[in-house]
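Q: With the sequence up front, the predicted model follows.
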Amino acid sequence: MELISAKNLYKEYKLGEVSQRALDDLNFKIEPASFLSFVGPSGSGKTTLLNLIGCLDVPSGGSLTVAGADVLKLDRKERAAFRGRHMGFIFQDFNLIPVLTVYENIEYPLILVQNVPSEERRRRVLSLLESVGMMAHKGKYPDQISGGQKQRVAIARALVTAPELVLADEPTANLDSKTAYMIIDLMKAMKEKSGTAFIFSTHDQKIVGAADIIYSLEDGKIVGRKEMKKHGSI
């Protein structure tokens with residue numbers, strides 16, 4: 001069973017009396033445990049598509065199924081609960097809460113969206129701190145750690161609810177090349193360990209080169225799909 005399936009999917013925005021399609025007639029399927037990138041120029045619809053998959057916005061028409069749920073049939077409250085159960089998010093600006101420690105930032109989704117006992121929360125957070133190499137910094141605040149360390153914390157936070165899917169919008173945009181490669185390797189390793197699918201919206205060729213599948217978008221349409229062989233060539 002596919003993790004995500006889109007059929008004739010489209011998204012329209014109204015500008016006064018004029019309707020404009022940000023996404024137009026998209027058809028694709030994404031398997032569980034994918035490492036996949038949507039690529040394209042600014043304005044091609046990448047972020048809009050990620051927002052639809054992430055239930056942060058709703059399609060105008062067509063069909064979109066994510067983790068077995070028909071997204072168009074979910075109301076606002078149901079979409080929020082669905083995100084909490086099935087998804088994690090990674091952002092280019094990290095979006096860590098400045099008044100919470102590294103440990104507390106990772107723990108926060110468990111408190112916010114899941115009724116997880118404190119001992120289980122502690123077990124999950126400590127396990128992920130170890131996995132992303134941030135155990136020594138668990139008591140620090142976001143302004144006391146580097147950009148690469150912040151993104152490691154963001155990855156741990158995205159994975160703490162054990163989601164089927166992590167959506168990442170330009171996650172390496174604010175990182176230098178060496179740190180970006182380290183973050184990509186970490187996400188790959190976490191995907192292999194947990195079986196979580198990672199879906200990216202990106203311009204970054206470093207992420208594009210690491211993806212197993214690449215969808216190209218232009219003017220709201222899918223104009224290409226490439227499946228990468230294991231040795232890295234197309």
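A: That came through fine. Numbering: from 1, shown residues only.
Q: and stretch 93-113, what's its mean pLDDT?
A: Stretch 93-113 comes out with an average pLDDT of 94.
Q: If you count neighbours, what's buried in it?
A: 94, 96, 101-110 (16 or more other CB atoms under 10 Å). Every residue, glycine included, has its C-beta placed from N, CA and C.
Q: Would you format those as TSV with secondary structure and distance to Ala81 included?
A: Shown next, in TSV, are those (DSSP: H, G, I helix; E, B strand; the rest coil; distance: CB to CB, whole Å):
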residue	secondary structure	distance to Ala81
Phe94	coil	25
Leu96	coil	23
Thr101	coil	27
Val102	helix	27
Tyr103	helix	25
Glu104	helix	23
Asn105	helix	21
Ile106	helix	21
Glu107	helix	19
Tyr108	helix	17
Pro109	helix	13
Leu110	helix	14
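Q: Any chance of those residues in CSV with distance to Lys193 as columns?
A: Below are the buried residues of stretch 93-113 laid out as CSV (distance: CB to CB, whole Å):
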residue, distance to Lys193
Phe94, 22
Leu96, 23
Thr101, 24
Val102, 20
Tyr103, 20
Glu104, 24
Asn105, 21
Ile106, 16
Glu107, 20
Tyr108, 22
Pro109, 19
Leu110, 19
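Q: which of those lies closest to Ala210?
A: Proximity of those to Ala210 (CB to CB) peaks at Phe94, which lies at 19.9 Å.
Q: Relative to Ser34, how far out is Lys138?
A: As judged by CB to CB, to the nearest Å, Lys138 and Ser34 stand 30 Å apart.
Q: These two: which has the busier surroundings?
A: Under the criterion of other CB atoms under 10 Å, the comparison of Lys138 against Ser34 puts Ser34 first, with 20 against 17.
Q: List the contacts of Thr172.
A: Residues near Thr172 by CB atoms under 8 Å, 6 or more residues apart in numbering: 92, 151, 179-180, 183-184, 202, 204, 206-207.
Q: List only buried entries from the residues you listed.
A: Buried, going by 16+ other CB under 10 Å: 92, 151, 179-180, 183-184, 202, 204, 207, out of the contacts of Thr172.
Q: report the longest helix in the chain, please.
A: helix 177-194 (DSSP state H).
Q: which helices and strands sit right next to that one?
A: Judged by 3 or more CB pairs under 8 Å, 6 or more residues apart in numbering; DSSP states H and E, helix 177-194 is in contact with strand 35-39, helix 147-159, strand 197-202, helix 205-210.
Q: now, which of the buried residues of stretch 93-113 sits nearest Val58?
A: Of the buried residues of stretch 93-113, the one sitting nearest to Val58 (CB to CB) turns out to be Pro109, at 22.3 Å.
Q: And the pLDDT for the most centrally placed residue in the chain?
A: Centroid-nearest residue in the chain, with CA atoms, centre = their mean: Leu167, separated by 1.0 Å. On pLDDT, Leu167 comes in at 97.
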